[in-house]
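Asker: compute the structure for the input listed below.
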Amino acid sequence: MILKNVCFYNDLFEKETADFRIEKGRIAEIGVIAEDGRDMSGLTALPGFVDIHIHGAMGGDFCDAKFESLDKISAYLAKNGITSFCPATMTLGSSKLEKIMETGRAYKGREAGAKIAGINMEGPYISYLKKGAQNGDFIREGSIAEFERLYDLSGGLIKLITVAPEAFDSDGFIKRASEKCTVSIGHTNANAKETLRATEMGAAHATHLYNAMTGMTHREAGAAGTLLDSENVTCELICDGSHVCPAVLRNTFKILGENRACVISDSMRAAGLGEGEYELGGQQVYVKNGGKCAVLSDGTIAASITNVFEEFKNLLSFGVDFKAALKSCTINPSRAIGMDSQIGSIAVGKAADIVFVDDEMNIREVYINGKLA
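Answerer: This next block holds a predicted model:
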């Protein structure tokens with residue numbers, strides 16, 4: 001397939017215009033191609049968006065451990081410009097997690113839309129004090145044996161695992177787990193010293209920065225401040241305007257710069273559906289009064305009901321720099337899970353995952369592996 005006169009953001013995230021040749025699902029050539037093709041004038045090509053932390057959408061949840069649920073999520077994401085994703089688990093028992101991992105492994109390659117780039121293992125090795133919407137009944141100390149069993153069952157798909165470093169003797173766990181995937185600090189009551197120690201052991205990511213972790217004050221950096229200050233740590237941000245307020249998002253992007261922020265949805269099965277009563281990790285959650293997120297019965301924020309493309313537009317409306325916002329939804333999350341050589345930007349040799357938008361940032365066409373989704 002040849003696409004002509006494509007206005008796009010290149011791998012330096014600078015705008016240019018060229019022709020594309022797409023072969024076998026990848027971008028084979030970018031330049032002036034002396035062959036006929038489809039004229040894409042009037043649209044702008046963005047890299048396919050990447051969501052590395054999503055639980056569900058359209059009534060489906062990864063923890064259902066069902067192909068039908070993953071189909072709902074995958075199709076919803078493709079419609080909204082997200083071409084790759086990491087479905088996330090919750091804090092659950094071993095047997096349930098085993099089934100989820102096996103389902104994720106079997107589903108990869110038969111997606112209804114967006115591709116599974118990996119699996120995000122959120123819990124169960126977290127702090128009870130910062131469990132948020134996670135089920136406290138299944139919180140436990142980190143176990144390398146359990147993690148490696150789950151990793152093998154996933155076929156090596158686990159790309160992220162969240163730990164609370166202060167909740168158990170975590171040094172050895174972080175060192176070992178970071179050899180297989182990215183270790184993320186989250187759902188944690190760690191102080192600055194404990195957080196810094198975890199980064200020295202190999203933790204290199206933050207699970208939904210600010211949410212479910214110790215905050216920063218002028219006397220104690222806490223987990224949030226320490227992670228912001230750690231140059232080698234990438235930080236997830238839920239940009240629905242509720243989980244983190246716009247002013248804090250603006251300041252956070254100034255600190256993180258262009259390369260460290262990773263926009264995530266952290267959405268649950270209500271995404272795409274709206275108000276109602278739903279289930280998340282075995283607990284009832286509610287979306288009420290046009291809310292932007294789901295909450296537990298006591299009002300605790302549980303998860304978002306947005307998607308990364310909507311969050312991208314939110315960031316632009318909040319005043320965040322376009323290039324920083326775009327990278328945070330594409331190449332940065334891809335790099336955080338070690339997939340940046342395959343997805344996350346428009347470049348020769350990479351997957352032909354492309355989102356065409358008009359001047360008002362409305363999605364017009366989405367290509368996944370070179371096929372119209």
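Asker: got the end-to-end distance for stretch 276-296?
Answerer: 12 Å (CA to CA, to the nearest Å).
Asker: buried residues in it?
Answerer: By neighbour count, and taking 16 or more other CB atoms under 10 Å as the criterion, the buried residues in stretch 276-296 are Tyr278, Leu280, Gly281, Gln283, Val285, Tyr286, Val287, Gly291, Lys292, Cys293, Ala294, Val295. C-betas here are computed from N, CA, C, even on glycine.
Asker: restricted to helices, list the residues you listed.
Answerer: Within these, membership in helices is found for no residue, as judged by DSSP state H.
Asker: which one of these is nearest Glu16?
Answerer: When those are compared for distance to Glu16, the smallest value, 35.7 Å, is given by Lys292; criterion: CB to CB.
Asker: surely the closest one meets Cys239?
Answerer: No - counting by CB atoms under 8 Å, Cys239 is not a contact partner of Lys292; they are 10.6 Å apart.
Asker: now do the shared contacts for the two.
Answerer: Among the neighbours of Lys292, those also in contact with Cys239 (CB atoms under 8 Å, 6 or more residues apart in numbering) are Thr306.
Asker: excluding chain neighbours, what is closest to Ala352?
Answerer: Setting aside the residues directly before and after it, Ala352 is nearest to Gly370 in space (CB to CB, 6 or more residues apart in numbering), at 3.7 Å.
Asker: that older thread, now, among the buried residues of stretch 276-296, which is nearest to Asp11?
Answerer: Looking at the buried residues of stretch 276-296 and their distance to Asp11, the nearest is Lys292, at 33.0 Å (CB to CB).
Asker: how about Cys7, phi and psi?
Answerer: phi -90, psi 120 (degrees, to the nearest 10).
Asker: at the geometric centre of the chain, which residue sits there?
Answerer: Ile52 (2.3 Å; CA atoms, centre = their mean).
Asker: contact partners for it?
Answerer: Ile52 makes contact with 85-86, 117-118, 120, 159-160, 236, 262, 264, 333, 336-337 under the criterion CB under 8 Å, 6+ apart.
Asker: before we move on, back to that, just the buried residues of stretch 276-296: which are in strands?
Answerer: Using DSSP state E, the members of the buried residues of stretch 276-296 that fall within strands are Tyr278, Leu280, Gln283, Val285, Tyr286, Val287, Cys293, Ala294, Val295.
Asker: returning to that earlier point: measure the residue nearest to the centre of the chain to Phe20 for me?
Answerer: Applying CB to CB, to the nearest Å, one obtains 26 Å for the distance of Ile52 from Phe20.
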